[in-house]
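**Student:** based on what follows, work out the 3D shape:
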Amino acid sequence: MNRQLVYDLPTRLFHWLFAGLFLTAFIIANTVDDDSLWFSYHSLAGLTLGFLVLLRIVWGVFGTQHARFTDFALNPLALVGYFKGMLSDEKKRWAGHNPASSWASIIMMLLALGLATTGYLMASGNEDAFEDIHELLADAFIVVVVLHVAGVVFHSMRHREMIGLSMVDGKKVEVPVNQTIRSSRSAFGILLLALVVAFGLNLYKNYDEPSQSLQLFGTTLQLGENEGHEYGDQSSGRRGDHDDDDDNDDD
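**Tutor:** Now for the predicted structure:
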């Protein structure tokens, strides 16, 4: 079958980075104790995920045809029609996101922003106020992910087309010429990846593991249960010793 290019590189990179960052944050949060030094890394992954979504919003306005939000099939009637078609002999194809994946994409991005925001507020000293909301958003995210994956598998079996590959090479079969894109926009894909990596490294640079605290936008975020008492005091003591040594050297 002749496969035509429909998804640009930034859209595909976003898809896999989005999945990887969420899974990293979710797995750490559910397998590591809150007082473990490793627990803080779920917050770093979550904040990076939020930044990634903000970049995707920009690309959803200025990107190629099927990357734009205006191309998403968000009409509720189209969604109902899509599910009816899945259970009948109708085999309508969508060049870009079908109604189910359109809704799943939007909902997951909103949930990711909600998780990053509530996580930030919890780390700012409002844990009790936002913890339940944060956990609810995470559970809702998992439900949508499971439904999305199940939909992809069912669609692939129903239409005998591995549509998951479209997020690897960006191509689909039987796409009208006016629905294809000419370029993968590789330069923008590299830029997206560079920005995400730079943001993540900046978080890591400003993260103090002994105290499990992060300096972000002039605010100190407490990412773990340590709250700087045991390890933080020792770390401060070490810094103080270094300062005293420096003063002695000056004398």
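**Student:** can you confirm residue 93 is in a strand?
**Tutor:** No - assigned with DSSP: H, G, I helix; E, B strand; the rest coil, residue 93 falls outside any strand and is coil.
**Student:** count of neighbours near it?
**Tutor:** 14 (other Cβ atoms under 10 Å). Every C-beta, even on glycine, is put in place using the N, C-alpha and C of the backbone.
**Student:** likewise residue 157?
**Tutor:** Residues near residue 157, counting by other Cβ under 10 Å: 10.
**Student:** for the one 3 residues further on, same thing?
**Tutor:** One way to gauge burial is a neighbour count; for residue 160, by other Cβ under 10 Å, it gives 7.
**Student:** from residue 215, how far out is it?
**Tutor:** According to Cβ to Cβ, to the nearest Å, residue 160 and residue 215 sit 53 Å apart.
**Student:** so which residues of the stretch 51-200 of the chain form helices?
**Tutor:** 76-86, 99-121, 127-159, 166-169, 186-205 (DSSP state H, counting those that start in this stretch).
**Student:** now stretch 48-58: buried residues?
**Tutor:** Of the residues in stretch 48-58, 48-53, 55-56 count as buried by neighbour count, 16 or more other Cβ atoms under 10 Å.
**Student:** list the contacts of that stretch.
**Tutor:** Contacts of stretch 48-58 from elsewhere in the structure, counted by Cβ atoms under 8 Å, 6 or more residues apart in numbering, are 14, 17-18, 21-22, 25, 109, 112-113, 115-117, 120, 192, 195-196, 199-200, 203.
**Student:** let's see 6 Å
**Tutor:** Under the criterion Cβ atoms under 6 Å, 6 or more residues apart in numbering, residues 14, 17, 21-22, 109, 112-113, 116, 192, 196, 199-200 lie in contact with stretch 48-58.
**Student:** ok, stretch 130-144 next?
**Tutor:** 104, 107-108, 111, 114-115, 118, 121-122.
**Student:** ok, 8 Å please
**Tutor:** Here stretch 130-144 has contacts from 22, 26, 29, 104, 107-108, 111-112, 114-115, 118-119, 121-122, using Cβ under 8 Å, 6+ apart.
**Student:** mind listing what's buried in it?
**Tutor:** Quick answer for stretch 130-144 (16+ other Cβ under 10 Å): 130, 134, 137-138, 140-141.
**Student:** with stretch 212-225 instead?
**Tutor:** Neighbour-count burial for stretch 212-225 flags 212-214, 216, 221-224 (criterion: 16+ other Cβ under 10 Å).
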